[in-house]
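K.L.:
Provided below for reference: sequence and predicted model.
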Amino acid sequence: MTIKEPSLHFTPTVRLAKTVLMAAMAFFFTLVVFNNITDFQSNYQFVHHVLDMDTTFPGNKGMWRALHPAWTHLLFYLGIIAYEALNMVLCWWAAAAMFRARNATPQAFAQARAIGVVALTAGILLWLVAFLEVGAEWFLMWQSQIWNGQEAAFRMVAIEGILLVILLLPEEL
């Protein structure tokens, strides 16, 4: 059995696909940051209610975890926005570096791709740690019918995880 050699256009096509997907993730984070800044109050309310735990099951034994001071809510929210903005910059940096290296050596493209690996890993950590672990489990966001961001967070972990796998796929068949 012989393995067919990849066509001459295979590597550039794969590199371009990886680059475009990274740019799409960068665009997503750009919109997230834009929305959090331009509609600050709506998104702040989400953080406020999760940390305040005011829509969890009545009488639950985890209420001692609630953070009531408004400054803590603001600090958490500003931290999330800053992290999302950093992730946005990393994603755009990765997309630009990958685009510049699209016709370069495999080593040069791998270096550019490494920025994307960092960006996607950082994004996964945002949704996994901040939303699914801290928000959903520590502050019991899963109990809220109103302020529950688990589905959106899981969707982002899945999307970024899939993109990370695609990014790490070898260029050759």
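P.N.:
In hand now; what should we look at?

K.L.:
what about the helices in this structure?
P.N.:
10-38, 40-52, 70-100, 106-125, 150-168 (DSSP state H).

K.L.:
Would you mark the buried spots in the shortest one?
P.N.:
Using 16 or more other C-beta atoms under 10 Å as the burial criterion, the residues of helix 40-52 that qualify are 43-44, 46-52. C-beta here means a position set from N, CA and C on the backbone, and glycine is covered the same way.

K.L.:
Kindly report the same for the last one.
P.N.:
Buried positions in helix 150-168, judged by neighbour count with 16+ other C-beta under 10 Å: 150, 153, 156-157, 159-161, 163-164, 167.

K.L.:
Check the offset of that helix from the chain's centre.
P.N.:
7 Å (C-alpha atoms, centre = their mean, to the nearest Å).

K.L.:
Spatially central residue for the chain, please.
P.N.:
Gly123 (2.8 Å; C-alpha atoms, centre = their mean).

K.L.:
and the gap between that residue and Asn36?
P.N.:
15 Å (C-beta to C-beta, to the nearest Å).

K.L.:
Let me see the contact set for the spatially closest residue to His73 that is not a sequence neighbour.
P.N.:
Among residues not flanking His73 along the chain, His48 sits closest, at 4.6 Å (C-beta to C-beta, 6 or more residues apart in numbering). Contacts for His48 (C-beta atoms under 8 Å, 6 or more residues apart in numbering) come out as 70, 73, 77.

K.L.:
Once you drop chain neighbours, what's closest to Ile81?
P.N.:
Ile81 sits nearest to Asn36 (C-beta to C-beta, 6+ apart), 4.9 Å away.

K.L.:
Can you get me a residue count around the one you found?
P.N.:
20 (other C-beta atoms under 10 Å).

K.L.:
Which pLDDT value goes with it?
P.N.:
Note on Asn36: pLDDT of 97.

K.L.:
Likewise for the one 4 residues further on?
P.N.:
Looking at Phe40, its pLDDT stands at 97.

K.L.:
Then Leu8?
P.N.:
The predicted local confidence for Leu8 is 48.

K.L.:
hang on, the earlier thing: who wins for proximity to Ser144 among the helices of the chain?
P.N.:
In terms of C-beta to C-beta, the element of the helices of the chain nearest to Ser144 is helix 40-52, at 7.2 Å.

K.L.:
angle of the closest one against helix 70-100?
P.N.:
Orientation check (axes from the mean of the first three to the mean of the last three C-alpha atoms, to 10 degrees): helix 40-52 against helix 70-100 gives 120 degrees.

K.L.:
and helix 40-52 with helix 10-38, angle?
P.N.:
Using the same axes, to 10 degrees, helix 40-52 lies at 90 degrees relative to helix 10-38.
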